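> No sequence on hand, only this structure:
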């Protein structure tokens, strides 16, 4: 069994709404946290923290970066790259086993100047094994990584933009793609690997009419269950 608690669902925007006010965070089995968008999440006592990328709505400690203060937390913190603000970060490039979970980083495309990673989270063995993919912000996952995504019980991904194509740009000098894919594109991608998708990290579109936005997400499924997350939502796999 795997217990998933959504801690925060708001992207890097000013808008808030009831149940959608805190930045990104997910807690699995009460012990392992994925993204640390709010300092208050540390009060939950995670045994390890995995950060998808070093943007402030996913790693609160990089907010106000010019101040350069050193941030220390108790549990080990894993991320795709180091941070001057948290010198104890462990750069993760291989599977980590912690608190009964197996966590495997999956490289993603998102930022122009930062590295990013999704995390494949597994618990149990054999017929009781449960598999979750938490993406953070994402444009795409290279096809070379798709084989390990087969048979996911749940994908938790982002909802910055509801329009197809999202906002994706290409750096003229390096050719690097950066930005956010649209929710319809992400649903089409992850429907290859799961029948259940939960969307979080919402942009301004979601807050214009939360009730209507929830219905809009559900309608994207086409045979796959797609639903909007909310702060403090709990899911059992």
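Sure, I can see it. In this text, all values refer to a predicted model and were calculated from it rather than measured experimentally.
> Just to check, residue 189 is in contact with residue 143?
No: between residue 189 and residue 143 there is no contact under Cβ atoms under 8 Å: 10.4 Å. Where C-beta positions appear, they are placed from N, C-alpha and C, glycine not excepted.
> and those two? which has more neighbours close in?
residue 189 (19 against 7; other Cβ atoms under 10 Å).
> for the more buried one, what are its contacts?
140-141, 181 (Cβ atoms under 8 Å, 6 or more residues apart in numbering).
> Could you rerun that using 7 Å?
By Cβ atoms under 7 Å, 6 or more residues apart in numbering, no residues touch residue 189.
> what does the average pLDDT come to for the one helix or strand it maps to?
Secondary structure from DSSP states H and E places residue 189 in helix 183-190. Averaged over helix 183-190, pLDDT sits at 98.
> Taking their axis directions, the next helix or strand after that helix and helix 183-190 sit at what angle?
Downstream of helix 183-190, the next assigned helix or strand under DSSP H and E is strand 196-202. With axes from the mean of the first three to the mean of the last three Cα atoms, to 10 degrees as the basis, strand 196-202 and helix 183-190 are set at 140 degrees to each other.
> Now do the helix or strand following strand 196-202: everything it contacts.
Next along the chain after strand 196-202, taking DSSP H and E as the criterion, comes helix 204-208. By Cβ under 7 Å, 6+ apart, the residues outside helix 204-208 that reach it are 13, 15, 17, 159, 161-162, 213.
> In PyMOL, select just the buried ones from those.
To isolate the buried members of the contacts of helix 204-208 in PyMOL, using 16 or more other Cβ atoms under 10 Å:
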select buried, resi 17+159+161+162+213
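> Most widely separated two among the contacts of helix 204-208?
Maximum pairwise distance in those, criterion Cβ to Cβ, is 17.5 Å, between 17 and 161.
> What lies in contact with stretch 3-20?
Counting by Cβ under 7 Å, 6+ apart, 21-30, 37-38, 41, 55-57, 132, 160, 200-204, 207, 210, 229-237 sit against stretch 3-20.
> right, I mislabeled it, should have said stretch 89-97
50, 76-83, 102-105.
> what about the spatially closest residue to residue 122 that is not a sequence neighbour, distance to residue 186?
The shortest distance from residue 122 to any non-neighbouring residue, by Cβ to Cβ, 6 or more residues apart in numbering, is to residue 102 (4.4 Å). Distance check for residue 102 against residue 186: by Cβ to Cβ, to the nearest Å, it reads 24 Å.
> out of those two, which sits in the busier spot?
Set residue 102 next to residue 186 and count neighbours by other Cβ under 10 Å: residue 186 wins out with 26 against 15.
> Is that one in contact with residue 155, as I believe?
No: in terms of Cβ atoms under 7 Å, residue 186 does not count as a neighbour of residue 155; the distance is 8.5 Å.
> so who does the residue minimising distance to the centre of the chain touch?
For the chain, residue 136 is the residue whose C-alpha lies nearest the centre (Cα atoms, centre = their mean; 2.4 Å). When contacts are counted by Cβ under 7 Å, 6+ apart, residue 136 touches 35, 52-53, 58, 116, 118, 158.
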